[in-house]
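Colleague: could you work out the structure for the sequence below:
(chains A and B)
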Amino acid sequence: MRELHVTMFGLLAATLMAGASGWASAQEPIKIGVLTVRSGPAKPIGDDILAGIETATRMYGPVLGRQVELVVEESLFNPQQAVTKATKLVQQNQVAGILGTSTIETLALLSVADRLGVPIITSNSGSAAITRERCNKWVFRTNAEDLMSVVSLQELVKGTPRLQDAKWFTLGHDYPWSRLVASSVKGVKNLKYVGEAFAPLDTTDWAPFIAQARAAGATAVIMPVTLGTPLLQFIQQANEFGLTKDAVLVSPIGLPDWVVDKLGPTSTHVVSAGSWAAWRYEESNPTTKAFNEAFYKEHGRVAGMQALQSASAALMLYNAMTKAGSAEPPAVVGALETIEVQTPVGPLKFQPGGRQALVPLFLGPYEKLDSPRYGASFGQRAEALPASKSLPKPASEYGCKLK
Amino acid sequence: MDLNFLFVSMLNGVVYGAFLLLTSLGLSLVFGLGRVVNFAHGALYALGGYALLAVIRGAGVGYWPALLLAPLLVVPIAIAIERTTIHPIRHRSDIYTLLVTFGISFVIIGAIEYVWGTGTTLLKPPQPFVSTVDIFGNQYPLYRLVAAGVSLLVSAGVFAVIQLTPVGLRIRAITDDPGMAEALGVNTKWLLTLVFGCAAGLAAFAGALGAPIFAIHPEMGMSILLDSFLAVILGGLGNLPGSAIGAFVVALTKSIGGGYIADWSTAVLFGVVAIALIFRPTGVFGRGRVA
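Modeller: Presented below is the predicted three-dimensional model:
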């Protein structure tokens, strides 16, 4: 009898302990790392990235019955800092995935991704190599890459008579992306290309370079200028010199919406050759509208390009976890390869055999809205160019060979 | 060679040179008097831009009154900085003040970010200077010309003070021989503080004047600080006329270089300075002469 009591007591204790442990596990949040810039001139970009992830996280709700906890780390837009912080996120915070990275951080993380061993979904990285010749099984991308943007630019020119007849000039910063953009413009058949100028990265006075564009008689100026303060300075000074009277300004990857807000009416001189996202896509996509409303409610401003993109990356991750039934990294990576998710940038899935999302690009001019929406008075008219046009082949044909 | 384009490039250089002149004079004055290599000068320039913004928004005054008031807000801050951080270590070697001012620049930028945030503010030029004017068939922003004119006038005023006033006489005396000046009853300590404050005021004035052109953001002073140092080094540290000429050499090299060989313009600029220093290690006009 005494033995029975002991056994029953033991069973009861074991059951209680197992229950308590299960309860704790159910309540333990899933941690997701957000690695982005949190200071300096590029901070508004990081603000949008973080805000987008926050809203997407709230909209999605618990993942696998567990709350999602965002662990935010400052990347400083610095490769070394990015590796250090990503390692800290994985080893110390034990995050199940990393979101929020831009080109500099993503390129740095590629070399340590196997060691980190968690899915990294970037939403703000242009470099094509990330999902082409340097593709890695852990690193996914939701935004369009540079070579997709090249196709988009060519489509814009084809569909816009004014741009077909224009005298094109490339005016940007002196780095590889600018030269890629310049070569893509030169690659458009029958286009009149009148010159190019690549300014040092610390340029604050664009007058000498604007003078070159004017002297060349440019009527279309494509501007691969670093997003943020330099882009603001350039557009303001181009307007100051009257360049916008003679020439249309073409942005290769669109303008962040906080830049549009600051430029106001000056933004209407700009046409986007392929934004990574556009909040006015809500006019044809209900998911974008739902996100825009939630974002405005939470942050009191319009959802910018980076916010829409980062939210899409977050939704891909959460849906993959749900489909995998687990937050274990290998299972999530497997699920990411097969899911298709409705996101603020449209229905998304990753390229078969690759890591690039089949994401549309958004072409169109910036214009004044009939009435302000989400606090914005100006916004880009968004015509979606499907990925079937900008990325028609399987990943292996673009140089991606996953190990 | 397209002479019209050359003309526009030179005009751009002269306009930028006028801005650079204001910041270079302050930098040169402070070094000439106190042997202080002031790395906080760029941050004080930025503070001028934000002071302008604060006056316009806070006091609701127009651009021109705000342009006059903004530097006056920065001067006391600079004086406080000088008395509390630079003054106590003046007797030490130059590297100490250099490092301290380097640190101060981060503190000022951090304070700006804390108070105003990290974003960029665009400011429209004041009416009626928002338009362009036709100069030999080239449309040129009117405000840039006005701002360059104002810069040149203020700079001329600085030279006049140095050359024609009793305070200027004392400043020149300290620059020549601080020990002798002190022995003759010149209060060198407070004069150094005063000059530091005035130099900061000049930087702040330049920041406020340039705000409608270059936009206001916390790191707006970094680029102009580098160019100002190049101008001062080229002209001779502490040599005011040398710094003035250096400012225009730097600005014209940047502008004409940027106009013709944009990718190489920075390399050309540093090349010009390097060549000048090889032949004249203390600057083209020698070191340490205020006037």
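
Colleague: so which bits of the top strand by length along chain A are buried?
Modeller: Counting residues, the longest strand found in chain A (DSSP state E) is strand A:361-373. By neighbour count on 16 or more other C-beta atoms under 10 Å in any protein chain shown, the buried set for strand A:361-373 is A:361-366. Heads up, the C-betas are built off the backbone N, CA and C, glycines and all.

Colleague: how about the helix or strand containing B:V30: buried residues?
Modeller: If you go by DSSP states H and E, B:V30 is part of helix B:3-34. By 16+ other C-beta under 10 Å, the buried positions in helix B:3-34 come out as B:5, B:8-34.

Colleague: considering only the residues you listed, which also neighbour chain A?
Modeller: B:5, B:8-9, B:12, B:15-16 (C-beta under 8 Å from any C-beta of the partner chain).

Colleague: tell me the mean pLDDT for the helix holding B:V30?
Modeller: Mean pLDDT, helix B:3-34: 91.

Colleague: can you pull the residues of the stretch 151-291 of chain B lying near chain A?
Modeller: B:213-215, B:217-220, B:222-224, B:226, B:254-259, B:262-263, B:265-266.

Colleague: ok, so of the buried residues of strand A:361-373, who is nearest chain B?
Modeller: Closest to chain B out of those is A:Y366 (15.5 Å), distances taken as C-beta to the nearest C-beta.

Colleague: go ahead and confirm that closest one touches A:A382.
Modeller: No - at 10.5 Å, A:Y366 does not count as touching A:A382 under the criterion of C-beta atoms under 8 Å.

Colleague: residues near A:L89, how many?
Modeller: By the measure other C-beta atoms under 10 Å in any protein chain shown, the count of residues near A:L89 is 23.

Colleague: that one: which element?
Modeller: Element membership for A:L89, per DSSP H and E: helix A:79-91.

Colleague: ok, the longest strand of chain A: who's next to it in the sheet?
Modeller: Partners of strand A:361-373 in the sheet, by DSSP bridges, are strand A:270-275 (antiparallel), strand A:376-380 (antiparallel), strand A:383-385 (antiparallel).

Colleague: which stretch among the ones you listed comes nearest B:A160?
Modeller: Closest approach to B:A160 among those (C-beta to C-beta): strand A:270-275, 46.0 Å.

Colleague: send the alpha carbons of that closest one over as PDB?
Modeller: Taking Å, rounded to 0.1, in the frame of the first residue of the first chain, the C-alpha atoms of strand A:270-275 are listed here in PDB:
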ATOM      1  CA  VAL A 270      10.800  61.900 -60.400                       C
ATOM      2  CA  VAL A 271       9.800  58.600 -62.100                       C
ATOM      3  CA  SER A 272      10.700  55.300 -60.500                       C
ATOM      4  CA  ALA A 273      12.200  52.700 -62.800                       C
ATOM      5  CA  GLY A 274      11.500  49.900 -60.300                       C
ATOM      6  CA  SER A 275      10.700  50.500 -56.700                       C
END
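
Colleague: narrow the residues of the stretch 151-291 of chain B next to chain A to those that are buried.
Modeller: B:213-215, B:217-220, B:222-224, B:254-259, B:262, B:265-266.

Colleague: helices - which of those land there?
Modeller: Judged by DSSP state H, those include B:213-214, B:220, B:222-224, B:254-259, B:265-266 as members of helices.

Colleague: mind putting these into CSV with pLDDT?
Modeller: Converted to CSV, those look like this (pLDDT from 0 to 100):
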residue, pLDDT
B:I213, 94
B:F214, 93
B:M220, 92
B:M222, 90
B:S223, 87
B:I224, 91
B:K254, 91
B:S255, 91
B:I256, 90
B:G257, 87
B:G258, 84
B:G259, 82
B:S265, 82
B:T266, 84
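
Colleague: chain A: which of these is nearest?
Modeller: Comparing those against chain A with C-beta to the nearest C-beta places B:G258 closest, at 3.3 Å.

Colleague: hey, where'd the strands end up in the stretch 201-350 of chain A?
Modeller: Here the stretch 201-350 of chain A has its strands, by DSSP state E, counting those that start in this stretch, at A:220-222, A:248-251, A:270-275, A:341-343, A:346-348.

Colleague: which other helices and strands does the helix or strand that comes right after the helix holding B:V30 contact?
Modeller: Elements were assigned by DSSP H and E; along the chain past helix B:3-34, the next helix or strand is helix B:41-59. The helices and strands touching helix B:41-59, judged by 3 or more C-beta pairs under 8 Å, 6 or more residues apart in numbering or on different chains; DSSP states H and E, are helix B:3-34, helix B:63-81, helix B:94-116, helix B:188-214, helix B:220-235.

Colleague: and the average pLDDT for helix B:41-59 is what?
Modeller: 96.

Colleague: cool, thanks, talk later.
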